[in-house]
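Q: What follows is a predicted structure for the sequence shown.
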Amino acid sequence: MYQHLDSEGQPLPYAAGKVVCVGRSYRDHVSELNNPLPDQPLFFIKPATSLVSLAQPLVLPTGHGAVHHEVEVALLIGHPLCNAQAKDTLSAIVGVGLALDLTLRDLQETLKAQGHPWERAKAFDGSCPVTGFVKPESLGELQALDFSLSVNGQLRQSGNTSLMMWSIAELLAQMSQSFTLTPGDIVLTGTPKGVSALTAQDTLELTLHGQYRFHAQIAG
Ligand code: ZN
């Protein structure tokens, strides 16, 4: 059973909720998938059943084509946000970590071509492995965080939250117009370019702002 943890692996007092994600947040990733640049943020939701700890071996779905990694800065929400103003949103963040927005890319392309929702490609059980969360105060400016993903020692993705098309505060405000964010919810802030497939027994290293390193293993 998944439980939100801090960076030392201690449980945090928030029940796991929904995961609200930004589909197109970094220009370089929008281009690599040949998607049009959005004029407003594209949101989608993964259910609480998508959450797993990144510290445990990750089991990939089989039989649906490529499973892509998308490394993203993850925000743990600790206070309700409903129709919030951007200036009032940052104080609701009680933890910052990293997540993999695992995506069945071939299935997603099929669903997109048919004009169908993406849930079967993005919201399956285990589709959101997350690290422990550190206190936002320990990271300083949230809109200037470096983060990266290496697979088997090769750098695949690196980004900085300063390159997001919309600020974290603006995204939280816009999300809260449609979906009340409640304590225990997580927000994924989008992925930079470099998404590609994972395979059995891959070894992953995720870094957050040069201060935190997290290791993950794809099950064999
Ligand atoms: Zn994503």
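A: Arrived safely, thanks for sending.
Q: Not counting the helix or strand bottoming out on mean pLDDT in the chain itself, show me its contacts.
A: Lowest by mean pLDDT, DSSP states H and E among the helices and strands of the chain is helix 27-32, with a mean of 88. If you take Cβ atoms under 8 Å, 6 or more residues apart in numbering as the criterion, helix 27-32 is touched by 24, 36-38, 70, 163, 165, 190-195. (Glycine included, C-beta is placed from N, CA and C.)
Q: residues from the chain in reach of the ion?
A: Selection of the chain residues close to the ion by Cβ under 5 Å from the ion yields 70, 101, 191.
Q: can you pick the most crowded of those residues?
A: residue 191 (29 neighbours; other Cβ atoms under 10 Å).
Q: ok so, going back, what about burial for the contacts of helix 27-32, which qualify?
A: Neighbour counting with 16 or more other Cβ atoms under 10 Å marks 24, 70, 165, 190-195 as buried within the contacts of helix 27-32.
Q: Can you name the residue of this structure nearest to the ion?
A: Closest contact between the chain and the ion, by Cβ to the ion, is at residue 101 (3.4 Å).
Q: Contact partners for the spatially closest residue to residue 23 that is not a sequence neighbour?
A: What sits nearest to residue 23 in space, not counting adjacent residues and going by Cβ to Cβ, 6 or more residues apart in numbering, is residue 42, at 3.6 Å. With contact taken as Cβ under 8 Å, 6+ apart, residue 42 is in contact with 22-24.
Q: pull the longest helix from this structure.
A: helix 168-178 (DSSP state H).
Q: Figure out how far that one is from the centre of its chain.
A: Centroid separation for helix 168-178 versus its chain: 16 Å, with Cα atoms, centre = their mean, to the nearest Å.
Q: What average pLDDT does whichever helix or strand comes after that helix get?
A: Moving toward the C-terminus from helix 168-178, the first helix or strand encountered (DSSP states H and E) is strand 186-188. Taken as a whole, strand 186-188 has a mean pLDDT of 98.
Q: shift numbering so it begins at 44
A: Okay, residue one is now 44; in that scheme the one you just asked about reads as strand 229-231.
Q: What pairs with the helix or strand just after strand 229-231, parallel or antiparallel?
A: Downstream of strand 229-231, the next assigned helix or strand under DSSP H and E is strand 239-240. Strand 239-240 sits in its sheet next to strand 110-112 (antiparallel), going by DSSP bridges.
Q: At which residues are the strands of the chain located?
A: 62-65, 86-89, 94-96, 110-112, 114-120, 136-143, 146-147, 171-173, 189-194, 197-203, 229-231, 239-240, 246-251, 255-260 (DSSP state E).
Q: Let's have those strands in a markdown table, adding mean neighbour count.
A: Shown next, in a markdown table, are the strands of the chain (neighbours: other Cβ atoms under 10 Å):
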| stretch | mean neighbour count |
| --- | --- |
| strand 62-65 | 25 |
| strand 86-89 | 17 |
| strand 94-96 | 19 |
| strand 110-112 | 23 |
| strand 114-120 | 26 |
| strand 136-143 | 24 |
| strand 146-147 | 22 |
| strand 171-173 | 27 |
| strand 189-194 | 20 |
| strand 197-203 | 16 |
| strand 229-231 | 26 |
| strand 239-240 | 14 |
| strand 246-251 | 18 |
| strand 255-260 | 16 |
